[in-house]
Every structure is written in C-alpha cells, then in structure tokens.
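Colleague: Fold the following, please.
(chains A and B)
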Amino acid sequence: MGIVIAVISGKGGVGKTTATANLGLGIAMNGKKCVVVDFDIGQRNLDMILGLENRVVYDMVQVMDGEASLKQALIKSKANENLHFLAASQSKDKSVLDSQKVEKLIAELKKGFDFIILDAPAGIESGYEHTIEFADAAIVIVNPEVSSIRDADRAIGILDSKSAKVKAGEDVAKYLIINRIVADMVESGEMIKSDDILEILNIKLLGKVPEDRGVIDASNQGKPVILDKKSIAGQAYTRITGRLCGQKVDMKDIEVSDAGIFKKLTGMFK
Amino acid sequence: MFGFFKKKKSASVAKDRLTIAIMSDRDRTNGYPFMDEMKAEIMEVVQKYIGVKGVEIRKEVDGDVEALAIDIELDKEA
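Modeller: Model (predicted):
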C-alpha cells in the first residue's frame, strides 16, 4: 500500500507545482513507483512542468466520474518509467470534487504505487480540503517571506482540523520545504532564517531549496530541474527525495553563500 | 555609539511581525478544533425557540480576560 502525500502551500506562486514535479521524479529516480496527481482543477499546470501537456487525453475528474479508467488516464513520464502522472481537469471547476469520489480514487492509486503525491491548489477553499482529506502526510512549501509563511500557517491549521487521519485521532505528518532561499540575503539579515521559520510554524524541516534561475529554464523545457545535475535547486531536490526514500542525507547549509564561506575561512587566519 | 542608530535588520522585523500575526490568526480561526461542531449545536438549541440564520463565534482576548463572543443572526422569515 502506497503512502499519500499532499503538497500544500496556502499562498500561490511559491513553487508548489515545481516542487511536486521534482519530488515525484526524484522519488521515481530512487526506484520507487510514484504517481503525481494535479488537484488544481481548472488550472492545470503540472502537465507543463513535467513536459506532458501533449499527452493528456483523460483527466482525474473523468476517472472519478467513471468516464475513463485509471489505466487510460495515467500518463507515463518520459524522464523515468517509475513516474506516472494524472492530469487535473481543465474545463471543470473545483466544485466537482466530492469526498467519496476522492477517497475512491486515492484508494485505487494506493494499490498500484509506493508514493502518491497530490499537488494541492493554492488557497484554503474546498479544492484544498479535498486534497488533504485522505493524505497520510503533507509537505508544506514556503518562501522565506512573510505572506507565504502566514498563509502556510493557515493551511496547516486546516490540515490539522480537516484531515481524515486527525478526525480518527491519529497524527498527520507534516514537513516543510523552504524554497527560494537567497544565501547572501540571509547572511546580511535581509531574509528570514530557516530556523526562525521552523520555530514560527512549529514544523519539522524536510529540506531547503536555494533560489536558482535554472528552475525557469527547466520549466521552459518541461524537464524538472532535478534532471540538471549542475543546478543547485536540482541538487536540493535530489537530497530531499533521498530523505523521503529513507536515505540518511545531511542537511546542507545553503544559507551560507560561497562568499560567506570564504569570509569564514579567511577569518580563521586573522 | 553608532550601534544606537543602527537600523534593525528587516529579517528580524519580519520574524517579530509574523509571530504576532500568526498568533492572532490562530486565536481567531483555529483556536479550538470543535468550533464548527459547537456552532451547529448552539444553532440547534436556539432553533427550537426561534428561527436562526447563522451563528458566529469569536474568541476575544483583552489582557488577561478571554471570552467567547457569540453572535446569532435571526431568520426573519421563519
């Protein structure tokens, strides 16, 4: 039986869909069978990031409504055969989701995959609630910036009250990815530190992803940045997915810029 | 001496502002997990006697005093 992970953020535009694509591909590269599902009904985007937009024939709403089989709707990634993708509906709106249909779809996916990654819509409306309802765990994506952190806290609050696991008296696991960290800004005190974000949100750290221009280059091409071995964001996702697949990968301190390391080294000889 | 005029770094301003904003968000919305249930039950009780349109519950904090403010909107047509 697979584990269901919802990728959530509260605020839009923080890199949630990019994170979902890279988490899914990274898990697949670790040899696990993984499916990524776009729950952002009406605003399909994950297909573009994965470079699969021309392959979408059926979407997840059609599967839920019995208009297509799961087998017909699942799209195999070009980058890794362990990765599959289920598209959001582009024509319908978020109100088409209901708990029973979502539960049935997820139960079916759990039979065939080790990891089921759900890309939640931005905001904390019903579409978001349906994404988290049957998740075993959530990965929260934030940027080191006040509005993103505040909205993440609201999203976590809803997770803690509306998740089926919580209602059954269990805990839903929560982990944080801090995205778009600019090392020299953290060093100069112009960007909030990871430790402070963790303290405010009271959540465990899964990983830190540095700001990287390569991310846009990667989405231009529909090739997730984790495939680019030279990209610092790609390397961060390799470390994060290694952790998710049970490897022990140390936290790399990406909040120190190369200049900062040099200063530290020269400081030693003063 | 110059330290006195030194501007506070914006990251620590962000941390302070966030801590306060999130604390008040949590009080208002996620203060109690049973809020929705309590609303429904209050509505049920009042409904026995008079038509009700909706119930709003807010947690209000004034110094050491914490209170629940309950607003019950009546349904004129009922």
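Colleague: Is A:S99 in contact with A:H130, as I believe?
Modeller: Yes - using Cβ atoms under 8 Å, A:S99 is in contact with A:H130, at 6.8 Å. For the C-beta atoms, the positions are set from N, CA and C on the backbone; glycine is no exception.
Colleague: Which one's more surrounded, the two?
Modeller: A:H130 (24 against 12; other Cβ atoms under 10 Å in any protein chain shown).
Colleague: Near chain B, which residues of the stretch 1-150 of chain A? Just list them.
Modeller: Selection of the stretch 1-150 of chain A residues close to chain B by Cβ under 8 Å from any Cβ of the partner chain yields A:145-146, A:149-150.
Colleague: rerun that using 7 Å as the cut-off
Modeller: Residues of the stretch 1-150 of chain A lying near chain B by Cβ under 7 Å from any Cβ of the partner chain: A:146, A:149-150.
Colleague: Give me the pLDDT for the residue of chain B found nearest chain A.
Modeller: Going by Cβ to the nearest Cβ, chain A is nearest to B:K9 of chain B, at 3.1 Å. Note for B:K9: predicted pLDDT of 91.
Colleague: Same question for A:G112.
Modeller: The per-residue pLDDT reported for A:G112 equals 96.
Colleague: number of nearby residues for the residue in chain A positioned nearest to chain B?
Modeller: Closest to chain B within chain A is A:G189: 3.1 Å, counting by Cβ to the nearest Cβ. A count of neighbours around A:G189, defined by other Cβ under 10 Å, yields 15.
Colleague: re the thing from before, residues contacting the residue of chain B closest to chain A?
Modeller: The contact partners of B:K9, by Cβ atoms under 7 Å, 6 or more residues apart in numbering or on different chains, come to A:189-190.
Colleague: what pLDDT, on average, does stretch A:182-196 get?
Modeller: 96.
Colleague: which residues touch that stretch?
Modeller: A:144, A:178, A:205, A:208, A:210-211, A:254-257, A:259-260, B:9-12, B:14-15.
Colleague: Can you measure across it, start residue to end residue?
Modeller: Criterion Cα to Cα, to the nearest Å; first-to-last residue distance in stretch A:182-196 is 15 Å.
Colleague: and the next element down the chain from the one helix or strand in chain B whose mean pLDDT sits lowest?
Modeller: Least confident helix or strand, chain B: helix B:2-5 with a mean of 56, by mean pLDDT, DSSP states H and E. Where DSSP states H and E defines the elements, the next helix or strand beyond helix B:2-5 is helix B:10-29.
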